[in-house]
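Asks: only geometry, no sequence info:
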């Protein structure tokens, strides 16, 4: 049979992978190497050349979008795909099996699936039934515990508690499972795969049937599999199975949600004789970008190893910008984007800003908004639209206007105070009847003694809280006032109970709100504005949440976290915030294996770029309400210097000509330093002034410290002292 349409367009390595004899094959597919093409051409090869039946093919992906794309590509290669081929996500395929064999799985025929919110709601109901305080045992934390145990394939009886906390979690897990059964066989997402695995384990005849049927198993993104997914796949495999697995251990970045990069190596141990083929030719990036990516990822020890290459152009050097603050970093990025658009013909959507933490988006959103450049936050909400920020702003709006009903409803029970929907319905009804605000109605109902004791106490505490917050503040500055509100209203403590990555993001966003207020104050100092600073800031937040965000089809700059960027590519990438403690994240420094995952995340960021790559870091950044003087990320230092080029923003002035005059003073508000003078810094120790740039509050000096190396510091904040 003529197979030219399947292999003529492939390179040698891709052709070898597509036509490999049936058996056990692991394809190590580097970034931009055409893994999706190989996977779909392999399925078409099995159908068209090997004579496989569509009923014998099981293809597993990680997203419904990827499954639909695979199905469409196969159809384009071999014609209409036979309906018997199973292509889907792990959860989708498990759901399909459970629907077919609901009785054997111990489920009702029309069992219902719980989404994440439904699952949390059931956990809350379980806590109420057990009379357990959810402020001490947050539902989201319990949800994470239950799902993680299911991803490990462990029921409550398989757990071995080692302290009171783990024993309580086990009991809550058991109570939650009983609630699912009592609810008519409710099934959450994690349960789908675990229940399907248990079904096949307990039904040998059924397992034998599916092993015979699915002779050809293809798996995409194998590096992202967790324990139960790995075990489920191996359960379906017998000695005669053809297993074709595609993955890239260098792009395994989801360890925090259960993915096990070691499954790549475990497969070779568990399945003896597995062939390993490598796809290393990259069709995306320039030689310079690939050389940087290779050098970085080579630092990881636990990897199977490959080396990306391209026969394309060398491309531009990687630009590195050392900003003196996060505002300076954002200003540089946005000005460079404008230059690329106006001078080099790039579209706005060609440019992507990638960051480690969601909270970092705020400075870039502000800079883009100020220059009226449309942008889109990919896979997330803009800063002022995020739930935790809207909660905080609602408290602030109530301080300005107690009769703001929308804000009152948003935070009266956030964090939870025991004020339920029934009490809120009473408030709404009375407010409508008396034609007054919810705040006023609450006061009237309390004075009339018309509310039950528990509800009355909770609403009284809420009103007293707002009265306290609206009183005098120890810190008259806007940022200080907001910091006080966040501390006293309980939002920060509320989100601190969620120990997941999402909970950390929310806490960082609240901290970033304080930084946003401080930046806003600094800008307003130069404006003769009699409006109260809090009122002005709330108006600013409302405007920034306006219509600058581009729609999905519009031409806008792309903003996203590095995790969201996986699988995407852009002509121009700005990888920002490359500082120790931010990227790599400080939490990664304390957990075994996390540093290598952070390095893989940086590798993913670098390899998103096709033509131009910009890296930046800030020497001073406002984090968690405090100015922090950071050092360049180790990842930046691990890149070959010959591939990089330091750049200066157009608005920066480098006084290169004056650096040779050692006697010229560098003026500050309270001191003057000469080039060549020895100075002392509280953190970095003693050093020598080598250069200066800028003027006024933004004046920076370059100091070569004996133990910390060369650094650019903002004189107004560095508190440098002349050495005695």
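Replies: Nice, thanks for sending it over. Please read these numbers as outputs of a predicted model, since none were measured by experiment. Numbers count the residues shown, from 1 in each chain.
Asks: quick one: residue 30 and residue 575, what's the gap?
Replies: Distance of residue 30 to residue 575, computed by Cβ to Cβ, to the nearest Å: 19 Å. (C-beta placed from N, C-alpha, C; glycine too.)
Asks: any stretches of the stretch 151-300 of the chain with poor pLDDT?
Replies: Along the stretch 151-300 of the chain, the model assigns pLDDT under 70 to no residue.
Asks: tell me where it has helices.
Replies: In the stretch 151-300 of the chain, the helices defined using DSSP state H, counting those that start in this stretch lie at 164-182, 189-202, 204-213, 227-236, 263-270, 287-297.
Asks: save the ones you listed as a markdown table, and put in distance to residue 554 and mean neighbour count too.
Replies: Output for those, formatted as a markdown table (distance: least, Cβ to Cβ, whole Å; neighbours: other Cβ atoms under 10 Å):
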| stretch | distance to residue 554 | mean neighbour count |
| --- | --- | --- |
| helix 164-182 | 43 | 15 |
| helix 189-202 | 33 | 20 |
| helix 204-213 | 46 | 13 |
| helix 227-236 | 37 | 19 |
| helix 263-270 | 39 | 17 |
| helix 287-297 | 27 | 23 |
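Asks: in this protein, which helix has the most residues?
Replies: Longest helix in the chain, counting residues (DSSP state H): helix 501-524.
Asks: what's next to that helix, contact-wise?
Replies: With contacts defined as Cβ atoms under 8 Å, 6 or more residues apart in numbering, helix 501-524 is touched by 140, 256-257, 326-327, 357-360, 362-363, 366, 383, 386-389, 392, 477-479, 482-483, 486, 491-492, 495-498, 533, 536-537, 540, 587, 622-625.
Asks: quick check: the gap between residue 241 and residue 449.
Replies: 73 Å.
Asks: the two: which has the busier surroundings?
Replies: With neighbours defined as other Cβ atoms under 10 Å, residue 241 and residue 449 compare such that residue 241 has more, 19 against 8.
Asks: my guess is the more buried one contacts residue 217, does it?
Replies: Yes: between residue 241 and residue 217 there is a contact under Cβ atoms under 8 Å: 6.1 Å.
Asks: before we move on, back to that, buried among the contacts of helix 501-524? Need that as a selection in PyMOL.
Replies: Selection of buried members from the contacts of helix 501-524 for PyMOL, criterion 16 or more other Cβ atoms under 10 Å:
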select buried, resi 140+256+257+326+327+357+358+359+360+362+363+366+383+386+388+389+392+478+479+482+483+486+491+492+495+497+498+533+536+537+540+622+623+625
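Asks: ok, which stretches of the stretch 601-724 of the chain are helices?
Replies: Counting by DSSP H, counting those that start in this stretch, the stretch 601-724 of the chain has these helices, from start to end: 634-637, 715-718.
Asks: packing partners of the first one?
Replies: Put plainly, it is helix 634-637. helix 594-606 (3 or more Cβ pairs under 8 Å, 6 or more residues apart in numbering; DSSP states H and E).
Asks: contact partners of the helix it packs on?
Replies: 31, 250-253, 255, 261, 289, 292-293, 296-297, 299-302, 354, 356, 562-563, 565-566, 573, 575, 583-585, 587-589, 613, 633, 635.
Asks: so residue 571: helix, strand or coil?
Replies: Following DSSP: H, G, I helix; E, B strand; the rest coil, residue 571 is assigned to strand.
Asks: how close does it get to residue 611?
Replies: According to Cβ to Cβ, residue 571 stands 5 Å off from residue 611.
Asks: hang on, the earlier thing: would you mark the buried spots in the longest helix of the chain?
Replies: Buried residues in helix 501-524, counted by 16+ other Cβ under 10 Å: 501, 503-521, 524.
Asks: and if you look at stretch 45-63?
Replies: 45-48, 52, 54, 56-62.
Asks: what's the farthest-apart pair in those?
Replies: Using Cβ to Cβ, the pair of these lying farthest apart is 48 and 62, separated by 26.0 Å.
Asks: in contact with the nearest residue to residue 632 once chain neighbours are set aside, which residues are there?
Replies: Nearest in space to residue 632, with sequence neighbours left out and distances taken as Cβ to Cβ, 6 or more residues apart in numbering, is residue 617 at 5.3 Å. Contact analysis of residue 617 by Cβ under 8 Å, 6+ apart lists 321-323, 329, 576-579, 630, 632-633, 636.
Asks: so where is the stretch 301-450 of the chain shaky, pLDDT-wise?
Replies: For the stretch 301-450 of the chain, applying pLDDT under 70 flags the ranges 380.
Asks: would you map the helices across it?
Replies: With DSSP H, counting those that start in this stretch as the criterion, the stretch 301-450 of the chain has helices spanning 326-344, 361-370, 387-400, 405-411, 421-434, 438-448.
Asks: can you lay out the helices of the stretch 151-300 of the chain as CSV showing distance to residue 13?
Replies: Shown next, in CSV, are the helices of the stretch 151-300 of the chain (distance: least, Cβ to Cβ, whole Å):
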stretch, distance to residue 13
helix 164-182, 46
helix 189-202, 33
helix 204-213, 31
helix 227-236, 24
helix 263-270, 18
helix 287-297, 16
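Asks: to residue 688, which of these lies closest?
Replies: Per Cβ to Cβ, nearest to residue 688 of the helices of the stretch 151-300 of the chain: helix 287-297, 30.9 Å.
Asks: run through the bridge partners of residue 687.
Replies: Beta bridges link residue 687 to residue 679, residue 705 when assigned by DSSP bridges.
Asks: ok, residue 498 touching residue 139?
Replies: No: contact criterion Cβ under 8 Å: residue 498 and residue 139 do not qualify, at 9.6 Å.
Asks: can you give me the neighbour number for residue 245?
Replies: Neighbours of residue 245 under the rule other Cβ under 10 Å: 25.
Asks: pLDDT weak spots in the stretch 501-650 of the chain?
Replies: In the stretch 501-650 of the chain, residues with pLDDT under 70: 523-531, 542-553, 623-626, 648-650.
Asks: now with 80, please.
Replies: Filtered on pLDDT under 80, the stretch 501-650 of the chain yields the residue ranges 501-503, 519-532, 536, 539-554, 589-593, 622-628, 630, 648-650.
Asks: rewinding a little: look at residue 571 and residue 611 and report which has more neighbours.
Replies: Using other Cβ under 10 Å as the criterion, residue 571 and residue 611 rank with residue 611 on top: 19 against 15.
Asks: correct me if wrong: the more buried one contacts residue 316.
Replies: Yes: assessed by Cβ under 8 Å, residue 611 is found in contact with residue 316 at 7.3 Å.
Asks: return every residue with contacts to both of the two.
Replies: residue 286.
Asks: show me where the stretch 451-600 of the chain has helices.
Replies: Assigned helices in the stretch 451-600 of the chain, in chain order: 453-469, 478-489, 491-496, 501-524, 533-544, 562-565, 594-606 (criterion: DSSP H, counting those that start in this stretch).
Asks: buried ones in the last one?
Replies: Neighbour counts using 16+ other Cβ under 10 Å place 594-606 of helix 594-606 among the buried residues.
Asks: which residues belonging to stretch 322-338 are considered buried?
Replies: Across stretch 322-338, burial judged by 16+ other Cβ under 10 Å covers 322-334, 336-338.
Asks: which one of those residues is nearest to residue 680?
Replies: residue 324 (19.6 Å).
Asks: what sits against the closest one?
Replies: With Cβ under 8 Å, 6+ apart, residue 324 has these contacts: 618-620, 698, 700, 712-714.
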